[in-house]
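Trainee: Predicted model, plus sequence, below.
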Protein chains: 2
Amino acid sequence: MGIGKNMTRVDAKDKVTGEARYTADLEPKGLLTAKVVRSTIANGVVKSFDLSEALAVPGVVKIVTCFDVPDIQFPTPGHPWSVETAHQDIADRKLLNTRIRVYGDDIAAVIAEDEIAAARAARLVKVEYEEYEPLLTVEAAMAEGATRLHDEKPGNVIAHSSFTVGEGTYEEAVKEDGLVVIDRDYKTQSVQHCHIETPVSFAYMEKDRIIVITSTQIPHIVRRVISQALGIPMGRIRVIKPYIGGGFGNKQDVLYEPLNAFLTTQVGGRGVRMEISREETLGCTRVRHAIELKVKAAARKDGTLVARKLEAYSNQGGYASHAHAIVANTSNEFKQIYHDEKVLESDAYTVYTNIATGGAMRGYGIPQAAFAAECMADDLALALHMDPLEFRRKNCMRPGYEDPHTHVKCNTYGLEECMEKGRRFIHWDEKRKEYENQTGPIRKGIGMAIFCYKTGVYPISLETAACRMVLNQDGSMQLSMGATEIGQGADTVFTQMAAEVTGITEDRINVMSTQDTDITPFDTGAYASRQTYVSGMAIKKTGAIFKEKILEYGAYMLDRSQDTLDVENNSVVDKETGEPLLAMEELAATAFYSLDRSVHITAEATSHCKTNTFATGVCFAEVEVDMPLGKVKVTNIVNVHDSGNLINPKLAAAQVHGGMSMGLGYGLSEQLLFDAKGRPLNDNLLDYKLPTSMDTPDLNALFVELDDPTGPFGNKALGEPPAIPVAPAVRNAVLHATGVAVDSLPLDPQKLVEHFKAAGLI
Amino acid sequence: MGIGKNMTRVDAKDKVTGEARYTADLEPKGLLTAKVVRSTIANGVVKSFDLSEALAVPGVVKIVTCFDVPDIQFPTPGHPWSVETAHQDIADRKLLNTRIRVYGDDIAAVIAEDEIAAARAARLVKVEYEEYEPLLTVEAAMAEGATRLHDEKPGNVIAHSSFTVGEGTYEEAVKEDGLVVIDRDYKTQSVQHCHIETPVSFAYMEKDRIIVITSTQIPHIVRRVISQALGIPMGRIRVIKPYIGGGFGNKQDVLYEPLNAFLTTQVGGRGVRMEISREETLGCTRVRHAIELKVKAAARKDGTLVARKLEAYSNQGGYASHAHAIVANTSNEFKQIYHDEKVLESDAYTVYTNIATGGAMRGYGIPQAAFAAECMADDLALALHMDPLEFRRKNCMRPGYEDPHTHVKCNTYGLEECMEKGRRFIHWDEKRKEYENQTGPIRKGIGMAIFCYKTGVYPISLETAACRMVLNQDGSMQLSMGATEIGQGADTVFTQMAAEVTGITEDRINVMSTQDTDITPFDTGAYASRQTYVSGMAIKKTGAIFKEKILEYGAYMLDRSQDTLDVENNSVVDKETGEPLLAMEELAATAFYSLDRSVHITAEATSHCKTNTFATGVCFAEVEVDMPLGKVKVTNIVNVHDSGNLINPKLAAAQVHGGMSMGLGYGLSEQLLFDAKGRPLNDNLLDYKLPTSMDTPDLNALFVELDDPTGPFGNKALGEPPAIPVAPAVRNAVLHATGVAVDSLPLDPQKLVEHFKAAGLI
């Protein structure tokens, strides 16, 4: 075992057999249930409540309304805290809101003895509103005289950022003779994470402290946000994270934990549970931002990209959440992935509206960037009569690239090799040629898309992680991380890393799958594809200390010099010969129980990460388009990833498969729709078209493994990347098959039929 | 605040309001319930079971019998493990026993969907026995040809130990002319701990590990014993200890946790709960050993004690449990508390019988020793016509005493001052005189008893303890101890100690009341009155490291030399002037979130304790004896304790009150009775006469505070001592009142009436 081996997931058996305990499985007897009362308008103000009927429901314990909560605005995104006010997240909501900004806004909460009473009472709460016209689009929200959604942002624009790379302006650059120019408007839609386990938590009080057990990616950040929301010190809050049934960024927002924490204080510390339904999750938690990307691009006849101009408008929905960080990331990737010989101009806006709030979702702005950049690449290539792969080879991110603003670098560069590997796998050249001159209603095509993705958030934000190791009496080890298993396999790769650095084998390492802010070393959590990179460094550092302590005790027992010893395969061994000298179980038992020298061998360390590196990759997709039906069948697809060394190739492939599946939904079927009042139209898994296994082709995952010098084990980001390039690759394959460039997602049948009709193809 | 202050218990509010969560409060939904099937004979063998009717009970999931458990014998006592076989506890039972040694022995277990089904099925299990005559007394068990209860101990004698202090033999010493000699047979009874919360646990599996949540004093030892009992490595077991409702030593045995752990493995890792009823607790867990102490003692006319001889017979009951350690402790205290000018001979036997098994109970053999030694003192004083206080002053343990065998020393000596303080409080001289010549049926008397008690178990056994401190973001601290709060107030005094050594105030210290062997620093647990002494040292050591780390970060932030700084009252201060320079909350927030230097300040350390010291004390009791009713009313009572510096005087007094109440029950009413078949006759709290608040006089607690140089804060044992001297003090007061020397406990009405009749007093 060790790094690079296909260890079976540590949680495989428990998760397959149903033994794994998630938040709801841990609920003790006798909890109260809370239900959120939601606004039935998307824009307005609560004037008053009539609670009489609701309070009369048997089993109702208490109803708390937006008039009862602390007058504190707090932020929800799962970012590391900044001690500098300027870098803190936007605090724009209360535990319950009087000013309503989304349909289904949290305006009151019913606490009852059981779920049925709570739900019944919630329905019976009568609300008097002052209602305003919902602002559903960025245009409407930015229009002169639009209702102000938050007092702090008069024009509803949360942020506008601009940058220019290169010299001069786009307009000047395109004056050059003979350029091929495109001017397009690429649009991405609102999609939802659709994690299996909806948000669920329970909270109770102990002494004067609040304990919250919750399904989150970021327990330590949840602690901080509850502290802010309730106005109590962080040490008075304890957050515990059991196994979670997926998050994909939605559980990187602190959604209902603060309210749950507050509610227990309203019933004298009794336990209160909250479970958010699928409908509430789809409409009232977070979505991936719908971003409109206006792209102008100019290239010379030889394919050289000369200049680009991006205007991006991010539809934030009712609350700031991760806000401008998303579209800032979008602009950055758009900048990084291609090289503009002269100039790139970028403007990005994040704008409050009255649709569901945008937050973090796998890729964090990059799927939107990749859609725009990769559509642009194919659209330009088409205009240039150039092979799209050739266009990319000519213009894509170069080895050694360093971002001029963040200074994140390609410490290793595998993008071209990824393209080459995928090209061969998919038979790109043959297929591009084969599908050149098709007729008839069903046509085939092949497309591709590339991307880059940084690893973690340095230097934009803090990257810190800690780890604790404890030697058990039998020579096994407890491995405790602040970093979180959220279904991605983190606990398994952490176990492999710990084995690699300590010499204790994986079967003797008990990774603690539960994070508990009272106990667990600090870590900001699972997001930004950071954990194997950033938290892995903490394992490496802690493991070295731990091993030294083992060797120190071994040297004492063996009466030998410590520097002649090493640990291998659960034994202290001779460093030179590898000869086993002392079994770990004997060492451990002696360390615990020796009458001469009792020592409990533990180690704990923080790694403050001050590096970053680019991961890159490509998707190649082959499709068969049934034009009369508007149906796209993906007949072959491969992702090739440059993510550094793989800790566990099998898990890495599984991660890629999951991301590709998500990308296919993004590309072909998923879209959260709203009516004219801002009410979600398809907030259920019947109408919201998540791809099923029946919709999913065989997924192929290939890797280019380069030993990244900054990664703790030569590794770099792989968590989010797989989801990024799939949608544009499919879009470009449809373009190749039909000649029709669809500039918005998803490529669903209705949209495709309209496009094919307009193009005279059907 | 800090050491020596009356901080309110950290758990006061939660325990008073019922918010504190004990094991049963933590049970998740859907647990199975297990019920032990108990033998209806006290001595014999299970031949076979008929389970047909039991299995037919709806809701029964599985029945496991003594024929189904691993063929592994294991020990139950909560001693630190020894890596040397010779020092390991006696492994004399299996998870379920085929060979029955007590009435109510564990012979099978029913697992069912609920409590009712489990209990019903347990009653329907039919058992065929081979039955032997029960051996209820030491005499019967040691008799020639007695049934062998355990194959390893043919004569049923577990151990026999002897020692002599001084020169020659007792018989030689008493040849001296003019000696006053007594020869008595003092007997103590079986009593039970009667903790409010009976043993309760639940267990389930996670991955290939067993998790047990249990009401125990010794979670880390429970882990080890489960490992032994099931034959699986310790690292595969996790034990969690929530708040517990008392233990008093009964939960220093590993009673049902191994069986509970085994049962979950028999149902595929599903959660199984076990709750032992009050009746089972009284008859089938542990009792304080009934010890018969044959004492010969000789003194000169001037009161000088010349020689003593002790023969002690400890009735062990069916299983070894703590076994000979108890009566060895008895003999030691008998030796230590008085000085024999010539010689002391001691023989002690521990003998298997078929009554309820003796285990650890507050005082661990010393209450029995004190009963014998203090009865002897008064009986000798009476024979010498000497004031009993004067006799003690003349012969008791001297300053600087060092045990010739264990080398435990009086590092501080407060015994004489305790006697003096008590004498004045109770008006000893006046009362002794006043009650000299009484007549009539109701008579008054005053008596006393002294004792000594070592602190922890060094050097007999391992004393090791660890502590972990974690700085929270708000400058508050998590304090994690392996040592356990078992109702005695440990968490509160640990908090005070941590405040004292770190400069963080008590209100900002969150002591972790739950121990979890996966997480919590190692400590052997709550017993031997060791925690403030042994575990307190770990706090002192860890706190020093923790403070250094705080100062290191403070020095970085303040750009000053670390050795010019200190921590006081939640601030980094100038060491010289005490001027506050940096608030702990600012330091903590910066340490967590600094982009320059992120460090998570934690400290963890083991203290291996290699010291011990004697605590001593005295009880004075004044009684009114209604001879026709055989009723003793305690009209005034005071304990005076020499326990070093008090960490929290109010809690110390409460500890003394609790012990005195226990001592009164031991002296006057409590006794577990068995019929001729070995079946408990009064295994319920109606018939087992625990004193109630109505039976309890005002309890007075005084202290002599000497700064013990070995205690981490000058402190020494106070946990068990208060229970020790009360029963003999009351017995001696009855002697003073009536002239009748009762040589056995308890002094209940039936016994007293018999004695008074025999003495012709009624």
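Mentor: Sure, I can see it. Residues are numbered from 1 along each chain as shown, chains lettered A, B, ... in the order given.
Trainee: Those residues of the stretch 501-650 of chain A touching chain B, which are they?
Mentor: A:508, A:510, A:512, A:518-519, A:521-522, A:585, A:589-590, A:592-595, A:597-600, A:602, A:604, A:606, A:608 (C-beta under 8 Å from any C-beta of the partner chain). For the C-beta atoms, the positions are set from N, CA and C on the backbone; glycine is no exception.
Trainee: low-scoring stretches of the stretch 251-400 of chain A, by residue?
Mentor: For the stretch 251-400 of chain A, not a single residue meets the criterion pLDDT under 70.
Trainee: so where do the strands sit in the stretch 101-250 of chain A?
Mentor: A:106-112, A:126-131, A:157-166, A:180-187, A:200-206, A:209-214, A:237-241 (DSSP state E, counting those that start in this stretch).
Trainee: what does the fourth one rub up against?
Mentor: Contacts made with strand A:180-187 from outside it, assessed by C-beta atoms under 8 Å, 6 or more residues apart in numbering or on different chains, are listed as A:174, A:290-301, A:371-372, A:375-376, A:379-380, A:383-384, A:743-745.
Trainee: Just the buried residues of the residues you listed.
Mentor: A:174, A:290-299, A:371-372, A:375-376, A:379-380, A:384, A:743-745 (16 or more other C-beta atoms under 10 Å in any protein chain shown).
Trainee: re the thing from before, which ones among the contacts of strand A:180-187 map onto helices?
Mentor: A:371, A:372, A:375, A:376, A:379, A:380, A:383, A:384 (DSSP state H).
Trainee: Can you narrow those residues down to the ones near chain B?
Mentor: Okay, of the ones in helices among the contacts of strand A:180-187, nothing touches chain B (C-beta under 8 Å from any C-beta).
Trainee: Can you say which two of those residues are spatially most distant?
Mentor: Maximum pairwise distance among the ones in helices among the contacts of strand A:180-187 (C-beta to C-beta): 20.1 Å, between A:371 and A:384.
Trainee: which among the residues of the stretch 501-650 of chain A next to chain B end up buried?
Mentor: Neighbour-count burial (16+ other C-beta under 10 Å) applied to these gives A:508, A:510, A:512, A:518-519, A:521-522, A:585, A:589-590, A:592-595, A:598-600, A:602, A:604, A:606, A:608.
Trainee: what does the stretch 101-250 of chain A put close to chain B?
Mentor: A:205, A:206, A:207, A:208, A:209, A:223, A:224, A:227, A:233, A:234, A:235, A:236.
Trainee: in the sheet, who's paired with the second one?
Mentor: With DSSP bridges as the criterion, residue A:206 is bridged to residue A:209.
Trainee: pLDDT wise, what is it at?
Mentor: pLDDT for residue A:206: 94.
Trainee: Can you tell me which of the residues of the stretch 101-250 of chain A next to chain B comes closest to residue A:490?
Mentor: Nearest to residue A:490, judged by C-beta to C-beta, of these is residue A:223 at 19.5 Å.
Trainee: Isn't the closest one up against residue A:240?
Mentor: No - judged on C-beta atoms under 8 Å, residue A:223 makes no contact with residue A:240 at a distance of 10.1 Å.
Trainee: out of these two, which sits in the busier spot?
Mentor: Taking neighbours as other C-beta atoms under 10 Å in any protein chain shown, residue A:223 and residue A:240 compare with residue A:223 leading, 26 against 22.
Trainee: List the contacts of the more buried one.
Mentor: Residue A:223 neighbours (C-beta under 8 Å, 6+ apart): A:234, A:237, A:238, A:239, A:517, B:473.
Trainee: what kind of secondary structure is the last one in?
Mentor: Three-state secondary structure (criterion: DSSP: H, G, I helix; E, B strand; the rest coil) places residue B:473 in coil.
Trainee: Report the contact partners of residue A:22.
Mentor: Contacts of residue A:22 (C-beta under 8 Å, 6+ apart): A:197, A:200, A:215, A:242, A:243, A:244, A:245.
Trainee: Quickly list what's touching both of residue A:223 and residue A:240.
Mentor: In contact with both residue A:223 and residue A:240: residue A:517, using C-beta under 8 Å, 6+ apart.
Trainee: Can you report how many residues lie near the nearest residue to residue A:415 once chain neighbours are set aside?
Mentor: Of all residues not flanking residue A:415 in the chain, residue A:616 sits nearest, at 4.1 Å (C-beta to C-beta, 6 or more residues apart in numbering or on different chains). Neighbours of residue A:616 under the rule other C-beta under 10 Å: 31.
Trainee: Please tell me how far residue A:616 sits from residue A:392.
Mentor: Distance of residue A:616 to residue A:392, given as C-beta to C-beta, to the nearest Å: 11 Å.
Trainee: Likewise for residue A:354?
Mentor: In terms of C-beta to C-beta, residue A:354 sits 39 Å off from residue A:392.
Trainee: Repeat that for residue A:79.
Mentor: 33 Å.
Trainee: before we move on, what about residue A:518?
Mentor: Taking C-beta to C-beta, one finds residue A:518 at 50 Å from residue A:392.
Trainee: Repeat that for residue A:591.
Mentor: 58 Å.
Trainee: what about the nearest residue in space to residue A:343 that is not next to it in sequence, how many neighbours?
Mentor: Excluding its sequence neighbours, the residue lying closest to residue A:343 (C-beta to C-beta, 6+ apart) is residue A:166, at 3.7 Å. Here the number of neighbours of residue A:166 (other C-beta under 10 Å) works out to 18.
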